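> Build me a model:
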Amino acid sequence: MILYCATGNPGKLREFRGAVGMAWQIEPLPELDRIPAPEETGLTIEQNAILKARYYADYAGDRPLFAEDSGIEVNALGGAPGVYSARFAGSHGDDDANNRVLLDRLMDAGDRGARYVAVIALVLPGGELHTFRGTVEGEIAPVPRGSGGFGYDPLFYYPPFGATFAEVPAEQKWNVSHRGRAVEKMMTFLSGSG
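The predicted structure follows:
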C-alpha cells in the first residue's frame, strides 16, 4: 500500500523508506516540487508537522500522507534551535552553516546535552490526524565528526555508540534515532488500523 510523504529532503526520504516493512511503500507526494510550500509558522516542531501534513493532504487524493518536522534542542541554549533548526544560520537547509553557528554559541558552555526531536503528522483519507513523537538524547561534540547522515549528525554524539550519528552506518543510527522512533510508532499504528 502506498503512503505519501511530504518531503523533498532526500536524506529523510531514504531513512523513511528504509524503515517500513513490506506492507507499505513510501513515495514522495506526486508533483511535490510543483506545489508551493506552506509557510512554516508553527512555534513548535509538532505545530509545523501538523501544518505541513494538513496542507499537503489536500493534494494526496485518497491516499494517506505524512509530513515530518524535526530539530535539535540544546540544553545550554534553552532548547534552541528547536523549531528553527533547519534555518539556525539564516538560510534554510545550510547544514554546514547551522553546525558552525551551533558550535559558536556553545563555545563556553559547560552543559552540552542535547536531544533530537521528530514529530510525524499523519493524515488519513477523510482528514483524520494522528501525531507520533520520537526523541533521542545525546550531546554536542566539540568538532564535527564523520561524513554520514545530514543536518546536525556530525555534531550529535550518542554515548552508547561512542560516536556521532555521522560516524555510524545509517541502519545503526536509524535503530535509535528520533525519526526512527517516530516512524516505528506510526507504522505500529497503521498496522493496527489497516
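> hey, C-alpha coordinates of the host helix or strand of residue 99 in PDB?
Using DSSP states H and E, the element containing residue 99 is helix 95-105. Extracted in PDB, the C-alpha atoms of helix 95-105 (Å, rounded to 0.1, in the frame of the first residue of the first chain):
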ATOM      1  CA  ASP A  95      23.800  22.200   7.300                       C
ATOM      2  CA  ASP A  96      27.500  23.400   7.500                       C
ATOM      3  CA  ALA A  97      26.500  26.900   8.400                       C
ATOM      4  CA  ASN A  98      24.000  25.700  11.000                       C
ATOM      5  CA  ASN A  99      26.600  23.500  12.600                       C
ATOM      6  CA  ARG A 100      29.100  26.400  12.700                       C
ATOM      7  CA  VAL A 101      26.600  28.600  14.400                       C
ATOM      8  CA  LEU A 102      25.700  26.000  17.000                       C
ATOM      9  CA  LEU A 103      29.400  25.400  17.800                       C
ATOM     10  CA  ASP A 104      30.000  29.200  18.100                       C
ATOM     11  CA  ARG A 105      27.000  29.500  20.500                       C
END
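> Check which residues of that helix are buried.
Residues of helix 95-105 classed as buried: 95, 98-99, 102, 105 (neighbour count, 16 or more other C-beta atoms under 10 Å). Backbone N, C-alpha and C define where each C-beta goes, glycine included.
> pLDDT-wise, which helix or strand of this protein ranks last?
Lowest on mean pLDDT, DSSP states H and E among the helices and strands of the chain sits helix 10-19, with a mean of 78.
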